[in-house]
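Engineer: based on what follows, work out the 3D shape:
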Amino acid sequence: MNAAADEAMPDYPEPSRAGLYVVHDTPGPKVKKAITMPERLAAEIDARIGRGEFSAFMASAAQHWLALMKTGEIIDEYEREHGRISEERLEQARRRWRDA
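Structural biologist: Predicted coordinates:
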């Protein structure tokens, strides 16, 4: 985690690398944030999930995006330690993913 994240969540331990998804809907204080997005995007989200669920949707989307970022960090760390992942290993992982 970076220093800003450490300050923002001082009571939360660093999640393990295996726990890519950290549950963000825990009891306790919430913070209200304002976001700006294209009107058509907001309208499409509203049409799919309903206006009353916008905050929950955005929290879930942010959680998903953070998981993707963490996955990228894990891959970067692996490649620093072991070198670039070969195409053969990537294809093996793709096959396992499809078969799961």
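Engineer: any stretches of the protein with poor pLDDT?
Structural biologist: Under the criterion pLDDT under 70, the flagged ranges of the chain are 1-26.
Engineer: make it 80
Structural biologist: For the chain, residues meeting the criterion pLDDT under 80 lie at 1-28, 50-51.
Engineer: just the helices in it please.
Structural biologist: 3-8, 39-49, 54-82, 87-99 (DSSP state H).
Engineer: distance of the residue of the chain most remote from its centre from R95?
Structural biologist: Largest separation from the mean C-alpha position in the chain: E88, at 27.0 Å (Cα atoms, centre = their mean). The spacing between E88 and R95, counted by Cβ to Cβ, to the nearest Å, is 11 Å. For every residue, glycine as well, the C-beta is placed using N, CA and C.
Engineer: also A43?
Structural biologist: According to Cβ to Cβ, A43 and R95 sit 40 Å apart.
Engineer: how near is the spatially most central residue of the chain to S60?
Structural biologist: Nearest to the mean C-alpha position of the chain, by Cα atoms, centre = their mean, lies L66 at 2.3 Å. To S60, L66 is 11 Å away according to Cβ to Cβ.
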